[in-house]
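J.: can't give you the sequence, but here's the structure:
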């Protein structure tokens, strides 16, 4: 994890790769629970027998599940002293480039693409690239926007 002693030092790191998150294992239980919550229980995600014969050789994580894991991954990549929490404020772009098969581990690498101080905190952008352990390329690329909120 990279810890920045101040917002000023964080903003000065614009353009730099900040590191990688911890690895997260994608389990069938995680995929099933996510599918039940969002109402997407398509067989490629939840039917292990049918999916074994399908295009990916097994069940795969929902793209949006992979995307939603970025919030927690970001918290294992960086902290900014003097701030109390980070709030997601949006996405500029997202691309799902390859499936994430159940049983695999993923992690995200983050590059700081922009950062500026505002009265409400530090608005910043990250280019997040999700990799699958042992596989070439990236599974997901997302341009995220967050606000680091200072202590009162």
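T.: That came through fine. These numbers come from a predicted model, not from an experiment. Numbers count the residues shown, from 1 in each chain.
J.: Against residue 150, how distant is residue 128?
T.: Between residue 128 and residue 150 the computed distance is 23 Å (C-beta to C-beta, to the nearest Å). C-beta coordinates here come from the backbone N, C-alpha and C atoms, glycine included.
J.: In the sheet, which strands lie alongside the helix or strand containing residue 146, parallel or antiparallel?
T.: Applying DSSP states H and E as the criterion places residue 146 in strand 140-150. Strand 140-150 pairs in its sheet with strand 83-96 (antiparallel), strand 121-132 (antiparallel), by DSSP bridges.
J.: Helices along this structure, start to end?
T.: With DSSP state H as the criterion, the chain has helices at 7-12, 28-38, 43-46, 48-52, 63-68, 70-77.
J.: Quick check: buried residues in the fifth one?
T.: Neighbour counts over helix 63-68 (16 or more other C-beta atoms under 10 Å) mark 63, 65-67 as buried.
J.: Generate a markdown table for the residues you listed, with distance to residue 108 as supplementary columns.
T.: Putting the buried residues of helix 63-68 into a markdown table (distance: C-beta to C-beta, whole Å) gives the following:
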| residue | distance to residue 108 |
| --- | --- |
| 63 | 14 |
| 65 | 13 |
| 66 | 9 |
| 67 | 10 |
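J.: and which of those residues is nearest residue 79?
T.: residue 67 (21.9 Å; C-beta to C-beta).
J.: Touching, that closest one and residue 140? I think so.
T.: Yes - applying C-beta atoms under 8 Å as the test, residue 67 and residue 140 come out as touching, 6.4 Å apart.
J.: OK, contacts around residue 86?
T.: 74-75, 146-149 (C-beta atoms under 8 Å, 6 or more residues apart in numbering).
J.: Could you pick out the buried ones from these?
T.: When these are checked for burial by 16+ other C-beta under 10 Å, the buried set is 74, 146-148.
J.: on that earlier part again, let me have the helices of the chain in TSV, adding mean pLDDT and distance to residue 114 as columns.
T.: As requested, the helices of the chain are exported to TSV (pLDDT from 0 to 100; distance: least, C-beta to C-beta, whole Å):
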stretch	mean pLDDT	distance to residue 114
helix 7-12	96	9
helix 28-38	98	30
helix 43-46	98	34
helix 48-52	98	39
helix 63-68	98	20
helix 70-77	96	15
